[in-house]
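Participant: Curious how this folds, go ahead:
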Amino acid sequence: MKRACVIGAGFGGLALAIRLQSAGIATTLIEARDKVGGRGYVWEKEGFTFDAGPTVVTDPDCLKELWALSGNNMADDVELMPVMPFYRLNWPDGTNFDYSNDNASMRREFMRVAPDDIAGYEDFLAYSEGVYQEGYVKLGHVPFLDIASMVKAAPALARYQAWRSVYSMVSHFVKSEYLRQALSFHTLLVGGNPMTTSAIYALIHKLEKDGGVWWTKGGTNKLAQGMARLFERLGGTVRLADKVVQIHTIGDRATEVETASGWRERFDAVASNGDIVHTYRDLLSGNRRGPEMAKSLAKKKFSPSLFVVHFGLEGTWPGIPHHMILFGPRYKGLLTDIYEHGVLPQDFSIYLHHPTVTDPGMAPAGKSTFYALVPVAHMGKLPVDWDEVGPILAKRILDEVGRRLIPDIHDRIVTQFHYAPTDFANDLSAHLGSAFSLEPILTQSAWFRGHNRDDKLKNVYLAGAGTHPGAGIPGVVGSAKATAKLMLEDLR
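Facilitator: Below is the predicted model:
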């Protein structure tokens, strides 16, 4: 039996390990932290359950497929709960817009906020369906290993004006600035600036419209745990709390994987779901290919980081939906500050996560779990002391949530902590503390992104946010599908 190693038990690594083990490859999954999940980590404090994120689950079919490979049922391990509305969007003047895939509800929202844009929105959805078919269905699960594959895809990408930004394309269809923000902010959930991310990412709307937006009962880490249980039932091996320190090579092939504990094993193939720069710079440092690729990757543009305030409150808020976007007074200017200038602005837009409105078990009775997330520049652009800045920014964010939603928020806090760019760097070995790896611009997509199989090391593979197709749960699960196809072909 052929043997494979998958480094990193994030959603991409879990999906890849399941695919390999389902196909009869004896697979070992190694994770540096004490729990599976990667960015989907979890903390339990004073009876509250705090998800590290991601918290938006779309395209559940791509997950169900992992269980179906071996004739299993995802519902045996994971319970998905529908979220409605998908998001409540709120602006500083008090305007709300509830976004969902319910046609009647959406029409009411448009009539209230932007009645003149209903027809344009329908045209936008038709455009979204087109890019979904080309960018996700046809290309989202296939590897781009050479320039010829990119050239082959170019006509379809050109037909849908992929060179334009999501915001630019949205603006072509709708005139209301509220709607332009409402239909373009989604790229931020995968690390992209709506002003520069390729219009192909408008496919997210079709993905959500068809598949819905879901929550994993008990928290997103329960999804990771369910995937790990499936993997182990299939005969796979999981090693936790043992960081990989080296992928050993001879010539152009990986031979062994070594961990911090001194454990060392030989494998026929090695795949990394870890940060792409960390993989080349650190894990492959013993082969000339490692530092060469790390140097090349370091020249690319990386997505911002995140600053997340987790807090548990006394009381319940049935009027605050599961997902809320609290837009700030600026949109384009704020994004420019984060992505280009690398400053810490005085204003911000907040993603507010309130899971207890859907799943009360995430907090003790009569209490609520929240987190408030703001994008911030990565450490290469914003080299501040987060030990000093973190508490100040956390208070400012909580002040804003209090001003707009919960006036006595500070009096109600039972427990609170925050997660900063330095934590992404330390806990996840994320280059520059980036939360989403390479920025998803057109010139860093498909063949221009990390390849699912290394071009020179013949049995070294990659999956996850830094590879094609990119970040987000459907993205990294799609990368695992593309990578597994290559590995299975090579191992047989």
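
Participant: so Gly211 touches Thr58, yeah?
Facilitator: Yes - applying CB atoms under 8 Å, one finds Gly211 in contact with Thr58, separated by 5.6 Å. (C-beta placed from N, C-alpha, C; glycine too.)

Participant: who has more neighbours, these two?
Facilitator: Using other CB atoms under 10 Å as the criterion, Gly211 and Thr58 rank with Thr58 on top: 22 against 16.

Participant: For that one, list each beta-bridge partner.
Facilitator: According to DSSP bridges, the residues that bridge with Thr58 are Val213.

Participant: First-to-last residue distance for stretch 312-319?
Facilitator: One end of stretch 312-319 sits 17 Å from the other (CA to CA, to the nearest Å).

Participant: And it, what's buried?
Facilitator: Neighbour counts over stretch 312-319 (16 or more other CB atoms under 10 Å) mark 312-313, 316 as buried.

Participant: Give me the average confidence score over it.
Facilitator: Model confidence over stretch 312-319 averages 98 on the pLDDT scale.

Participant: re earlier: now render the buried residues of stretch 312-319 as CSV, adding secondary structure and distance to Met169.
Facilitator: CSV is the format used below for the buried residues of stretch 312-319 (DSSP: H, G, I helix; E, B strand; the rest coil; distance: CB to CB, whole Å):
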residue, secondary structure, distance to Met169
Gly312, strand, 40
Leu313, strand, 39
Thr316, coil, 40
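
Participant: quick one: common contacting residues for Gly211 and Thr58?
Facilitator: Residues within reach of Gly211 and of Thr58 at once, by CB atoms under 8 Å, 6 or more residues apart in numbering: there are none.

Participant: What degree of burial does Thr279 show, as a neighbour count?
Facilitator: 30.

Participant: Now the element after the helix or strand bottoming out on mean pLDDT in the chain, going C-ward?
Facilitator: Least confident element among the helices and strands of the chain, by mean pLDDT, DSSP states H and E: helix 147-159 (a mean of 74). Using DSSP states H and E, the helix or strand that follows helix 147-159 in sequence is helix 166-173.

Participant: Run through who's touching that following helix.
Facilitator: Outside of helix 166-173, the residues within contact range by CB under 8 Å, 6+ apart are 117, 120-121, 123-124, 127, 161, 179-180, 183-184, 186-187, 192, 194-195, 197-199, 201-202, 332.

Participant: Check which element follows it along the chain.
Facilitator: Trace forward from helix 166-173 with DSSP H and E and the next one is helix 177-182.

Participant: Contacts for the next helix-or-strand element following that next one next, please.
Facilitator: Where DSSP H and E defines the elements, the next helix or strand beyond helix 177-182 is helix 203-211. Outside helix 203-211, the residues that touch it by CB under 8 Å, 6+ apart are 58-61, 86, 101, 124-125, 128-129, 131-132, 135-136, 183, 186-187, 189, 474.

Participant: Quick check: buried residues in helix 203-211?
Facilitator: So helix 203-211, judged by 16+ other CB under 10 Å, has buried residues 203-209, 211.

Participant: between these, which is nearest Lys381?
Facilitator: Of all the buried residues of helix 203-211, Lys381 sits closest to Ile204, with 25.5 Å by CB to CB.

Participant: and that closest one, what pLDDT?
Facilitator: pLDDT, Ile204: 92.

Participant: pLDDT below threshold where in the stretch 51-200 of the chain?
Facilitator: Along the stretch 51-200 of the chain, the parts satisfying pLDDT under 70 run over 150.

Participant: between the buried residues of stretch 312-319, which is nearest Pro469?
Facilitator: Gly312 (35.4 Å).

Participant: so that closest one touches Glu46, yeah?
Facilitator: Yes - if you go by CB under 8 Å, Gly312 and Glu46 touch, sitting 6.6 Å apart.

Participant: Quickly list what's touching both of these two.
Facilitator: Here Gly312 and Glu46 have 414-415 as joint contacts, going by CB under 8 Å, 6+ apart.

Participant: which of the contacts of helix 166-173 are buried?
Facilitator: In these, the ones that pass as buried (16+ other CB under 10 Å) are 117, 120-121, 124, 127, 161, 179-180, 183-184, 186-187, 192, 194-195, 197-199, 201-202.

Participant: Tabulate the buried residues of stretch 312-319 in CSV, adding columns for distance to Ile441.
Facilitator: Listed next are these as CSV, based on distance: CB to CB, whole Å:
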residue, distance to Ile441
Gly312, 37
Leu313, 38
Thr316, 41
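
Participant: wait, which of the residues you listed is closest to Phe50?
Facilitator: Nearest to Phe50 among these: Gly312, at 7.8 Å, using CB to CB.

Participant: What sits closest to the closest one if chain neighbours are left out?
Facilitator: In space, and not counting its chain neighbours, Gly312 is closest to Phe48: 3.9 Å by CB to CB, 6 or more residues apart in numbering.

Participant: ok, that neighbour - contacts?
Facilitator: The contact partners of Phe48, by CB under 8 Å, 6+ apart, come to 312, 362-364, 367, 369, 414-415.

Participant: Ok, Ala271 next?
Facilitator: Residues near Ala271 by CB under 8 Å, 6+ apart: 4-7, 13, 16, 460-463, 483, 487.

Participant: Check those and tell me the two furthest apart.
Facilitator: Top of the distance list for the contacts of Ala271 (CB to CB): Gly13 and Val460, 14.5 Å.

Participant: So for the two, which sits in the more crowded spot?
Facilitator: More neighbours surround Gly13 than the other of Gly13 and Val460, with 30 against 25 (other CB under 10 Å).

Participant: So what does the more buried one look like in phi/psi?
Facilitator: phi -70, psi -40 (degrees, to the nearest 10).

Participant: before we move on, the earlier item: the contacts of Ala271 in strands, which ones?
Facilitator: Mapping the contacts of Ala271 onto strands (DSSP state E) picks out 4-7, 460-462.

Participant: what's the residue nearest to Leu313 when sequence neighbours are not counted in contact with, if anything?
Facilitator: Of all residues not flanking Leu313 in the chain, Arg412 sits nearest, at 4.4 Å (CB to CB, 6+ apart). Residues near Arg412 by CB under 8 Å, 6+ apart: 313-315, 406.

Participant: what does Pro92 give?
Facilitator: Pro92 makes contact with 327-329, 404 under the criterion CB under 8 Å, 6+ apart.

Participant: That one and Leu457: what is the separation?
Facilitator: 51 Å (CB to CB, to the nearest Å).

Participant: same thing with Asp242?
Facilitator: Distance of Asp242 to Leu457, given as CB to CB: 23 Å.

Participant: more neighbours, the two?
Facilitator: With neighbours defined as other CB under 10 Å, Asp242 and Leu457 compare such that Leu457 has more, 21 against 16.

Participant: that older thread, for the residue nearest to Gly312, name its beta-bridge partners.
Facilitator: Counting by DSSP bridges, Phe48 is bridged to Lys45.

Participant: State whether Val343 is indeed within a helix.
Facilitator: No - Val343 is assigned coil when assessed by DSSP: H, G, I helix; E, B strand; the rest coil, not a helix.

Participant: wait, what's in contact with it?
Facilitator: For Val343, the contact set (CB under 8 Å, 6+ apart) comprises 337, 377, 382.

Participant: Backbone torsions only: list them for the closest residue to the second one other than its chain neighbours.
Facilitator: With CB to CB, 6+ apart as the criterion, Ala377 has its nearest non-adjacent residue at 4.2 Å, and that residue is Gly342. When read as degrees, to the nearest 10, the backbone of Gly342 gives phi 70, psi 40.

Participant: Could you do Asn221 as well?
Facilitator: Torsion angles, degrees, to the nearest 10, at Asn221: phi -60, psi -20.

Participant: What is the burial count for it?
Facilitator: For Asn221, the count of nearby residues is 23 (other CB under 10 Å).
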